[in-house]
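Student: Sequence and predicted structure are below.
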Amino acid sequence: MTSTRIERLVTSGQFTLDGGTWDVDNNVWIVGDDHEVVVVDAAHDAAAIAAAVGGRRLTAIVCTHAHNDHVDAAPALADATGAVIWLHPEDLPLWKLTHPDREPDAHLRDGQVIEAAGVDLTVLHTPGHAPGAVCLYAPALGTVFTGDTLFRGGPGATGRSYSHFPTIVASIRDRLLTLPPGTRVLTGHGDATTIGAEAPHLQEWIDRGH
């Protein structure tokens, strides 16, 4: 039985893109044990995330994509902890909108495995919401972290720059809905769901054509 656990922190701030700004609440996921953790999406408040990490060693900050509300606190958190910021290279144009003077530390690639306190997080490249969007699948935890690719009730938004609805539907169909139905889906915003709860609705989403 793994001692690795998942903790959720909700932080609040703003999402800005294409000249618009919206107030948002983001899920920050902390994956690890009593000694070592990984953060999925450092949103809005580096101090709050650092406080939730506490005395544990933060090894990695994994960005599911580079919209500002998912990466705005990443450099400050990395500077405070020495953690490595990981981002898929196809999201560098979005990253530079928020952090023009600071590159991520390392590039994610499809199929890569990041370890969180002995549990493997497998990177699934799932473009559509953003070109470099990724999900992180942890079979040992029966969980996939989907960022803004898949939510309870359907795909993430594709109405703004760098996004594409047919691409996100293909990513969800081919990379996520093939996971075991009981897999928990932990999202970038809002409530959790499961693969089995979302899979029957794929055709509805296509017909709706977000």
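Tutor: Thanks, I have it.
Student: C-alpha from now on. contacts and neighbour counts both.
Tutor: Will do.
Student: Least confident secondary structure element in the protein?
Tutor: When the helices and strands of the chain are scored by mean pLDDT, DSSP states H and E, helix 202-208 comes last with a mean of 92.
Student: who's in contact with Val119?
Tutor: Neighbour list for Val119: Thr2, Thr4, Gly32, Ala138, Ala140, Leu141 [criterion: CA atoms under 8 Å, 6 or more residues apart in numbering].
Student: about what we covered before: in the least confident helix or strand of the chain, what's buried?
Tutor: Across helix 202-208, burial judged by 16 or more other CA atoms under 10 Å covers Leu202.
Student: Please tell me how far the nearest residue to Thr98 once chain neighbours are set aside sits from Ala117.
Tutor: If the residues on either side of it in the chain are set aside, Thr98 comes closest to Asn68, at 5.8 Å by CA to CA, 6 or more residues apart in numbering. In this structure, Asn68 lies at 27 Å from Ala117, with CA to CA, to the nearest Å as the measure.
Student: Show me where this protein has its strands.
Tutor: Secondary structure of the chain, counting by DSSP state E: strands at 5-17, 20-32, 36-40, 57-62, 84-87, 106-107, 113-116, 119-125, 134-138, 143-147, 150-151, 154-155, 184-187, 193-194.
Student: could I get those as a markdown table with distance to Gly209 and mean pLDDT?
Tutor: Listed next are the strands of the chain as a markdown table, based on distance: least, CA to CA, whole Å; pLDDT from 0 to 100:
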| stretch | distance to Gly209 | mean pLDDT |
| --- | --- | --- |
| strand 5-17 | 21 | 98 |
| strand 20-32 | 22 | 98 |
| strand 36-40 | 29 | 98 |
| strand 57-62 | 30 | 98 |
| strand 84-87 | 28 | 98 |
| strand 106-107 | 31 | 98 |
| strand 113-116 | 33 | 97 |
| strand 119-125 | 22 | 98 |
| strand 134-138 | 21 | 98 |
| strand 143-147 | 20 | 98 |
| strand 150-151 | 15 | 98 |
| strand 154-155 | 10 | 96 |
| strand 184-187 | 21 | 98 |
| strand 193-194 | 21 | 98 |
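Student: Cool, thanks, signing off.
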